[in-house]
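Trainee: Return atomic coordinates for the entry below.
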Amino acid sequence: QVQLVESGGGSARTGGSLRLSCVGSGNTEAIMAMGWYRQVPGSQRRELVASISREINTEYGQSVKGRFAVTRKNDKSAASLQMNNLQPDDNATYYCDAEVPSVREVHDVWGQGTLVTVST
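Mentor: Numbers count the residues shown, from 1 in each chain. So this is what the prediction gives:
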């Protein structure tokens, strides 16, 4: 099994920066892609922020392109999200995600979430 622990986040001013980290434990060799999603208060939907494959192919949500950067540790067990030029629309709870294959399907493992607050 895989477990994820997030750290980082907190508060920043508009235009500021924060860095999120996600460390996996357990059977991390099985992790395929890792990514970050965010959820705003009152919404059930989690929006893709960024993802990174084992081959270090990256994908970004449209609203964060050019501002955020996702990286992954060489052993593929951890990922980080550098968030620059933060805007009030970035206010959300950020969740780390790992895609882990099982016998019949690929399922998502989620971190506990970390709150990001951007003030003007």
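Trainee: Hmm, Ser51 and Val70 touching each other?
Mentor: Yes - with contact defined as C-beta atoms under 8 Å, Val70 and Ser51 form a contacting pair (7.0 Å). To be clear about C-beta, it is placed using only N, CA and C from the backbone, and glycine gets the same treatment.
Trainee: can I assume Gln44 sits in a helix?
Mentor: No - secondary structure of Gln44 (DSSP: H, G, I helix; E, B strand; the rest coil): coil, not part of a helix.
Trainee: list residues touching both of Val70 and Ser51?
Mentor: Residues within reach of Val70 and of Ser51 at once, by C-beta atoms under 8 Å, 6 or more residues apart in numbering, are Gly35, Trp36, Thr58.
Trainee: secondary structure class for the residue nearest the centre of the chain?
Mentor: Nearest to the centroid of the C-alpha atoms of the chain, with distances taken as C-alpha atoms, centre = their mean, sits Trp36, at 2.1 Å. Recorded secondary structure, Trp36: strand (three-state DSSP).
Trainee: so what's it closest to, chain neighbours aside?
Mentor: Nearest residue to Trp36, sequence neighbours excluded (C-beta to C-beta, 6 or more residues apart in numbering): Val49, at 4.2 Å.
Trainee: Tell me how many other residues crowd that neighbour.
Mentor: Around Val49 sit 24 other residues, with neighbours defined as other C-beta atoms under 10 Å.
Trainee: swap in the one 5 residues further on?
Mentor: The local packing of Arg54 (other C-beta under 10 Å) involves 13 other residues.
Trainee: Show the contacting residues for it.
Mentor: Ile31, Met32, Ala33, Lys76.
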